[in-house]
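**Student:** Predicted model and sequence below, questions to follow.
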Amino acid sequence: MSNIRAAENSECEQVLALWQAGCIEAVGHPLSDESAKQVLKNLRQYVIHETCHCFVAVDREQVIGFVTCSLLSHPIEGGYVGHVEELFVQPTYDRNAIASELVHQAVVRLKQQGAGVMITRVAVDDPNQLKFWEMQKWEQDTVNFAIYSNVPADP
């Protein structure tokens, strides 16, 4: 039985290890050393930030899953949007049940902080992710496009 709660600073390395496992599962390789250092630095901020959060699932003092989330606002338009960002649970556990509890905790916190809408990003070619979010009663309503390392100098 796992316990879902806010992450502690001392658990950031365990969360990073799960993040790396998620990267390997999703794209076949871990983060670069530089990216991993940045993620660890960011995780340390998540555990103390007012509007960014990291929740963990813990089983016998071992972090077995995590979710990060944040409260977004627009500088002109009113209201807040809750953003569920990263989510991963070790495959040896009941992933859907634990992930559902992690997402629930994130949504509760974001709603407490005023979020009226929740969003997340899902890879369109990952049927497991799509099915998971549909089972959570989230609706697919947009398609996002992104430019990563190949950002043109003159878009």
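**Tutor:** Cool, got the structure.

**Student:** list the contacts for residue 31?
**Tutor:** Residues near residue 31 by C-beta atoms under 8 Å, 6 or more residues apart in numbering: 19-20, 23, 39. Just so you know, the C-beta spots here come from the backbone N, C-alpha and C atoms, and that holds for glycine as well.

**Student:** Ranking by neighbours, what's the top pick from those?
**Tutor:** residue 19 (22 neighbours; other C-beta atoms under 10 Å).

**Student:** roughly how far apart are it and residue 12?
**Tutor:** As judged by C-beta to C-beta, to the nearest Å, residue 19 and residue 12 stand 10 Å apart.

**Student:** Check the protein for its longest strand and report it.
**Tutor:** Secondary structure of the chain per DSSP state E: the longest strand is strand 62-73.

**Student:** Farthest pair within the contacts of residue 31?
**Tutor:** Greatest spacing in these, by C-beta to C-beta: 23 and 39 (9.6 Å).

**Student:** Tell me, please, where in the chain the pLDDT is lower than the cut-off.
**Tutor:** 1, 151, 154-155 (pLDDT under 70).

**Student:** And residue 64, how close does it get to residue 102?
**Tutor:** From residue 64 across to residue 102, the span is 10 Å (C-beta to C-beta).

**Student:** Comparing those two, which shows the higher neighbour count?
**Tutor:** Between residue 64 and residue 102, residue 102 has the larger neighbour count (other C-beta under 10 Å), namely 25 against 20.

**Student:** who's in contact with that one?
**Tutor:** Applying C-beta under 8 Å, 6+ apart to residue 102 gives the contacts 4, 55-57, 65-67, 87, 89.

**Student:** helix/strand/coil for it?
**Tutor:** Residue 102 falls in the helix class when you classify it by DSSP: H, G, I helix; E, B strand; the rest coil.

**Student:** Which residue, other than its chain neighbours, is closest to it?
**Tutor:** Of all residues not flanking residue 102 in the chain, residue 67 sits nearest, at 4.0 Å (C-beta to C-beta, 6 or more residues apart in numbering).

**Student:** Surely the one you found is in contact with residue 84?
**Tutor:** Yes. Using C-beta atoms under 8 Å, residue 67 makes contact with residue 84 at a distance of 6.4 Å.
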